[in-house]
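> Predicted model and sequence below, questions to follow.
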Amino acid sequence: MIERLDMENEQPICKYCQSPNIIKFGTFQGIQRYWCKDCQRKFTELDTLPKMKTPINEIGSVLNMYYGGMPIDAIQTQLKQEYDKHLSEPAIYKWIVRFTKEAIVKAKDFKPKVGNVWLANETGVNVGNRNVWFWDVIDAKSRYLLASHISATRTTEDAQILIEKAIKRAGKMPEKIITDKLRAYIDGIDLASGGRVRHIQSYPFTDENSTSLIERFQGTLKQRTNVIRHFKDLETARLLTEGWLIHYNFFKDHESLDNVSPAKHMKIEMPFADWNDVVRHSDVAETARFKFIKLRPSHRPHTEKQKRAAYFRKATRRSRARKRLIEPSASVVMVRK
C-alpha cells in the first residue's frame, strides 16, 4: 500500500520536475522510494542524479582523484575500499568525460583577474606511442592557467593558437610574455597580438624575466600527462586537458596562494565550488550539445599591408638581435686596447 509522506517532516521534491507533489512508494533493498504524481516517475531518497544509482559525492571524488593524478584502475580500487562498490573502468571513464564536458560548458564565460606578465612554455610527452606537445600559459601574479593546448607539432601556428586562447580567456592582452628560446613563439605571439605585446626570451640562471615559475609548474603538469598517456585519440586528450585546466584553476590548492585555488584567491564569483557542485547541477541536454572544436589561428597576414607589417616587425627583431651580438664583442676590443 502506497503511503503519503508526513508533511510535518522535511519533504523531498521530485528529482525530475522539482514538484513537491510526491508520495512514498515502498522500499527496495532498504532504500526508500518515492512516486511523483505530476511527472509519473519514481526515484529514491539517495543523493543521486536522475537515472543514476551512484551518489553525487562518489562521482565528484572520482573526478577529483582522476585530475589529481590517479589512473582509472587505481580509482576503481579506491572506490572498492572506501564505498565497497565494484565499478567498471568504462563506467568511470564515461563519468569523467561527461562531467568534464559539463565543467567546460559552465566555465567558458568565466573572466579571471590576471596581471600583465604571462609565462608560456611547452613540454613533450608520449601519448598513444606518438610524441605530442603540451603548451601552457600562466599568469605570473595569480598563477592562473590561462590556456592549455595539445598538438602533434611545435610550430608558429600552435604558439599562435595558445596565445589567442589565453587572450580570449583573460579578456585582455598582457604587457609582456616570457618564454624560452623556442622560435615558434616569436611570430606566434606577434601574430596573435598584432605586435602589441612585448616578447621576452628568458635566459637560464637569471632572476629577472625568468621562466622558473612555469618550470616549477611542469612538475604539476606531469600529473595530467600521467593519466592521459594511454589515450590514442588526440581529440580525447585535448578534452581531458581542458578538464585538467579547470581542476588546476578552480579546485587545486596552491601553497603560494594561502592554500586556495587561483580562482578562489581572486575573490570573484565562480561558476562552481567543487566537482560535486559540477555533478549536482549538471545539465544533460547542454552536455549532449557539447562539441569539442579544433581551434585554428584567427588571424594570418593575408593582405599586402599585413604582410609588410609582419615583415618589418621580423626585420626589426633580427636587427636588434644582431646588435646584441655585436656590442659585447666591441666592448672586448676596447678593453684590450
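That came in fine, so what should we check first?

> Shouldn't Asn126 be within a helix?
No: secondary structure of Asn126 (DSSP: H, G, I helix; E, B strand; the rest coil): strand, not part of a helix.

> Who is it paired with across the strands?
Using DSSP bridges, the bridge partners assigned to Asn126 are Asn131.

> Give me the neighbour count for the closest residue in space to Thr27 that isn't next to it in sequence.
Leaving aside its sequence neighbours, Thr27 sits nearest to Arg33 (CB to CB, 6 or more residues apart in numbering; 6.4 Å). Backbone N, C-alpha and C define where each C-beta goes, glycine included. Residue neighbour count, defined by other CB atoms under 10 Å, stands at 14 for Arg33.

> does Met270 sit in a helix or strand, and which one?
Per DSSP states H and E, Met270 falls between elements, in no helix or strand.

> so what pLDDT did it get?
Note on Met270: pLDDT of 90.

> Same check on Gln78?
91.

> Spit out the contact partners of it.
Shown in contact with Gln78 (CB atoms under 8 Å, 6 or more residues apart in numbering): 65, 70.

> Next: Leu87.
Applying CB under 8 Å, 6+ apart to Leu87 gives the contacts 54, 76, 79.

> Turn these into a markdown table, columns for distance to Phe272, secondary structure and neighbour count.
Output for the contacts of Leu87, formatted as a markdown table (distance: CB to CB, whole Å; DSSP: H, G, I helix; E, B strand; the rest coil; neighbours: other CB atoms under 10 Å):
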| residue | distance to Phe272 | secondary structure | neighbour count |
| --- | --- | --- | --- |
| Thr54 | 19 | coil | 19 |
| Gln76 | 25 | helix | 18 |
| Leu79 | 22 | helix | 19 |
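
> Downstream of the helix or strand Gly26 falls within, the next helix or strand is which one?
Following DSSP H and E, one finds Gly26 within strand 22-28. For strand 22-28, the following helix or strand on the C-terminal side (DSSP H and E) is strand 31-36.

> Now do the buried residues in that following strand.
Going by neighbour count (16 or more other CB atoms under 10 Å), the buried part of strand 31-36 is 34-36.

> who does it pair up with?
With DSSP bridges as the test, strand 31-36 is paired with strand 22-28 (antiparallel), strand 42-44 (antiparallel).

> And the strands in the stretch 151-300 of the chain, which stretches?
For the stretch 151-300 of the chain, strands defined by DSSP state E, counting those that start in this stretch occupy the ranges 176-179, 198-201.

> tell me the most buried of those strands?
Of the strands of the stretch 151-300 of the chain, the one with the most neighbours on average (mean count of other CB atoms under 10 Å) is strand 176-179, at a mean of 22.

> So what are the sheet partners of that one and their directions?
As defined by DSSP bridges, the strand partners of strand 176-179 come to strand 117-127 (parallel), strand 198-201 (parallel).

> For Pro262, find the nearest of these.
strand 117-127 (13.3 Å; CB to CB).

> Export that closest one to PDB, keeping only CA atoms.
Extracted C-alpha coordinates of strand 117-127, given in PDB (Å, rounded to 0.1, in the frame of the first residue of the first chain):
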ATOM      1  CA  VAL A 117      53.000  39.400 -17.200                       C
ATOM      2  CA  TRP A 118      52.400  35.900 -18.600                       C
ATOM      3  CA  LEU A 119      54.700  32.900 -18.900                       C
ATOM      4  CA  ALA A 120      54.500  30.400 -21.700                       C
ATOM      5  CA  ASN A 121      56.100  27.000 -22.000                       C
ATOM      6  CA  GLU A 122      55.800  23.600 -23.700                       C
ATOM      7  CA  THR A 123      56.800  20.100 -22.900                       C
ATOM      8  CA  GLY A 124      56.800  16.900 -24.900                       C
ATOM      9  CA  VAL A 125      55.200  13.600 -23.800                       C
ATOM     10  CA  ASN A 126      54.300  10.300 -25.400                       C
ATOM     11  CA  VAL A 127      50.600   9.700 -25.900                       C
END
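
> State the mean pLDDT of that strand.
So the average pLDDT for strand 117-127 ends up being 83.

> May I see the buried residues of that strand?
Judged by neighbour count using 16+ other CB under 10 Å, the buried positions of strand 117-127 are 117-123, 125, 127.
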